[in-house]
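Participant: Pasted the sequence and its predicted model underneath.
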Amino acid sequence: MIKYLGSKRTLLPLICRIVEQLGEVRSVADLFSGTSRVGHALKRQGYQVFANDHNAYAATLGRCYVQADLQDLGPRAEQLIAEFNTLAGKPGYFTETFCEKSHFFQPHNGARVDAIREAIAQKCLEPELEAVLLVALMEAADRVDSTTGVQMAYLKQWAPRSLRDLELRLPEVLSRATHGKGSAFQLDALEATAAIEADVAYLDPPYNQHKYLGNYHIWESLVLWDKPEVYGKACKRIDCHDRTSAFNRKRGAQPALQAIIDGVRAKHLVVSFSNEGYLRREDLEAMLARRGHVLVLSQDFRRYVGAQIGIYGPQGNKVGAVSHLRNVEFIYVVTPDPVRLAAVDGIIARSPQG
């Protein structure tokens with residue numbers, strides 16, 4: 001999967017154990033799905049998953065990793081990937097914007113992206129198959145980019161991986177889950193609470209001022225293929241200015257999340273939140289207690305790679321020091337059933353969390 005700030009890769013075993021201990025669970029709703037890494041892991045465990053994210057690139061990832069089933073489209077997807085891998089590069093919008101005006105990718109790879117993306121558009125494929133191919137292209141580009149993992153800026157010197165040739169691979173599409181076919185939505189999170197009902201709701205909301213659209217604007221443009229106007233050295237989409245979220249504002253985050261917590265249609269809640277977020281642990285516990293008994297788990301992490309590198313000015317000179325190199329991720333488990341909460345607490349106490 002693509003490099004992603006806030007990815008729950010290392011927390012997946014813990015999250016899956018928590019859901020398993022909540023009892024008779026057949027379905028899980030992930031209302032802020034991002035890369036759908038969590039939804040993908042839960043689908044693998046047999047749960048019917050409903051993934052939602054308001055960004056187009058994330059909804060496409062959800063359609064690939066949660067909604068699409070391998071038995072329905074695997075051979076056709078492999079055939080098209082083989083076909084697209086033979087295409088010669090043809091420079092266009094992507095090359096001009098992200099290889100010449102900015103330096104996120106080498107021009108020879110940008111030209112391949114242009115050619116393949118145009119070919120996908122011309123096929124007029126059904127949504128699930130198109131999503132699988134778009135994710136294959138997104139992940140292929142991610143493997144040859146020149147960033148620290150976010151698209152706020154590119155490296156001043158080309159990353160060695162950027163010199164490699166872009167190659168499509170079939171994403172890890174799973175067979176249909178035991179408990180039923182999943183679905184992917186592209187809704188505002190509050191709208192999704194009304195549209196989706198499940199046994200468990202997993203919430204991983206944005207926790208500070210950083211917008212995922214700004215961090216991954218290239219994937220948004222690649223998926224939409226709307227060739228928008230851009231601004232700044234990073235060539236961000238012009239709508240990065242306009243598309244705002246209450247979760248990215250200190251005053252708006254708490255009421256926005258409280259509305260989700262109060263409105264979500266699920267018996268159990270599992271919530272991820274960082275100690276770098278706008279909400280304090282005690283405040284979030286109080287917000288969640290309106291839904292049932294609350295158990296809080298925590299895990300310590302190294303911060304993202306940009307924090308490890310440091311803070312530099314436009315000329316490449318170091319201009320500041322990073323305040324800290326580690327953060328704590330809290331997982332809040334909420335259920336009306338204290339027996340289930342005790343089961344979760346017990347299994348976590350006996351299991352490694354690393």
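Facilitator: Nice, I can see it. Note that this is a predicted model, so its numbers are computed, not measured.

Participant: So which residues of this structure form strands?
Facilitator: For the chain, applying DSSP state E gives strands covering 27-30, 48-52, 183-185, 200-203, 230-231, 236-237, 268-274, 293-302, 311-312, 318-320, 326-335.

Participant: can I see the domain layout of this protein?
Facilitator: The record's domain parsing of the chain by automatic domain parsing lists 1-68+178-205+249-354, 70-173+215-247.

Participant: I'd like to know how far L295 sits from G277.
Facilitator: Computed as Cβ to Cβ, to the nearest Å, the L295 to G277 distance reads 19 Å. Any C-beta I mention is one placed from the backbone N, CA and C, and that applies to glycine too.

Participant: Tell me which of the strands of the chain lies nearest to L80.
Facilitator: Nearest to L80, of all these, is strand 183-185, at 20.0 Å by Cβ to Cβ.

Participant: Pairing partners for the closest one, with directions?
Facilitator: Strand 183-185 pairs in its sheet with strand 48-52 (parallel), by DSSP bridges.

Participant: tell me the contacts of C64?
Facilitator: Residues in contact with C64 (Cβ atoms under 8 Å, 6 or more residues apart in numbering) are 36, 128, 131-132, 134-135, 171, 173.

Participant: Restricted to helices, list those.
Facilitator: If you go by DSSP state H, those have 128, 131-132, 134-135 in helices.

Participant: Going by neighbour count, which of these comes out on top?
Facilitator: The most crowded member of the ones in helices among the contacts of C64, judged by other Cβ atoms under 10 Å, is V135 (29 neighbours).

Participant: Could you double-check that it sits in contact with A59?
Facilitator: No - with contacts counted by Cβ atoms under 8 Å, V135 stays clear of A59, the gap being 11.2 Å.

Participant: In contact with V271, which residues are there?
Facilitator: Going by Cβ under 8 Å, 6+ apart, V271 touches 202-204, 284, 288, 331-332, 334.

Participant: Quick check: of those, which lies closest to G110?
Facilitator: Ranked by distance to G110 (Cβ to Cβ), the contacts of V271 are led by D204 at 31.7 Å.

Participant: Can you report how many residues lie near that closest one?
Facilitator: D204: 22 neighbours (other Cβ under 10 Å).

Participant: Check the gap between it and N109 for me.
Facilitator: Counting by Cβ to Cβ - D204 and N109 are separated by 31 Å.

Participant: Also R143?
Facilitator: 10 Å.

Participant: Quick check: neighbours shared by those two?
Facilitator: Common neighbours of R143 and N109 (criterion: Cβ under 8 Å, 6+ apart): L166.

Participant: So which of those two has more stuff around it?
Facilitator: Neighbour totals were compared for R143 and N109, and N109 leads with 27 against 16 (other Cβ under 10 Å).

Participant: Now the more buried one. Nearest residue, chain neighbours left out?
Facilitator: L166 (4.4 Å; Cβ to Cβ, 6 or more residues apart in numbering).

Participant: Enumerate every residue touching that neighbour.
Facilitator: 109, 112-113, 140-141, 143-144.

Participant: And R290, how close does it get to Y216?
Facilitator: 33 Å.

Participant: try C240
Facilitator: Taking Cβ to Cβ, one finds C240 at 10 Å from Y216.

Participant: What score does Q315 have for pLDDT?
Facilitator: Note on Q315: pLDDT of 46.

Participant: Please read the previous query as pertaining to R9.
Facilitator: So, for R9, pLDDT stands at 80.

Participant: which residue packs closest to it, ignoring adjacent ones?
Facilitator: Distances taken as Cβ to Cβ, 6+ apart put R37 closest to R9, at 6.1 Å, once the chain neighbours are dropped.

Participant: which ones are touching the one you found?
Facilitator: 1, 4, 7-9, 12, 65.

Participant: And the residues you listed, which is closest to L190?
Facilitator: Closest approach between the contacts of R37 and L190, by Cβ to Cβ: K8, at 22.0 Å.

Participant: how deep is the nearest residue to that closest one once chain neighbours are set aside tucked in, by neighbour count?
Facilitator: For K8, ignoring the flanking residues on the chain, the nearest one in space by Cβ to Cβ, 6+ apart is V38 at 5.4 Å. V38 has 29 neighbours, counted by other Cβ under 10 Å.

Participant: again, but for Q71
Facilitator: The burial count for Q71: 10, using other Cβ under 10 Å.

Participant: leaving aside the residues next to it on the chain, what's closest to it?
Facilitator: S175 (5.6 Å).

Participant: Equivalent analysis for L203, please.
Facilitator: Spatial nearest neighbour of L203, chain neighbours left out: V271 (4.5 Å); criterion: Cβ to Cβ, 6+ apart.

Participant: A343 versus that neighbour, what's the distance?
Facilitator: To A343, V271 is 18 Å away according to Cβ to Cβ.

Participant: Report whether the expected contact of F94 with R117 is present.
Facilitator: Yes - the pair formed by F94 and R117 meets the contact definition of Cβ under 8 Å, at 6.8 Å.

Participant: so what sits against both of these two?
Facilitator: L222.

Participant: And the two? Which one has more around it.
Facilitator: F94 (26 against 23).

Participant: Do you know the pLDDT at that one?
Facilitator: What the model reports as pLDDT for F94 is 98.

Participant: What of Y278?
Facilitator: 84.

Participant: That one is in contact with A256, isn't it?
Facilitator: No - look at Y278 against A256 with Cβ under 8 Å: they stay out of range, at 10.3 Å.

Participant: If anything else comes up later, I'll come back, but that's it for now.
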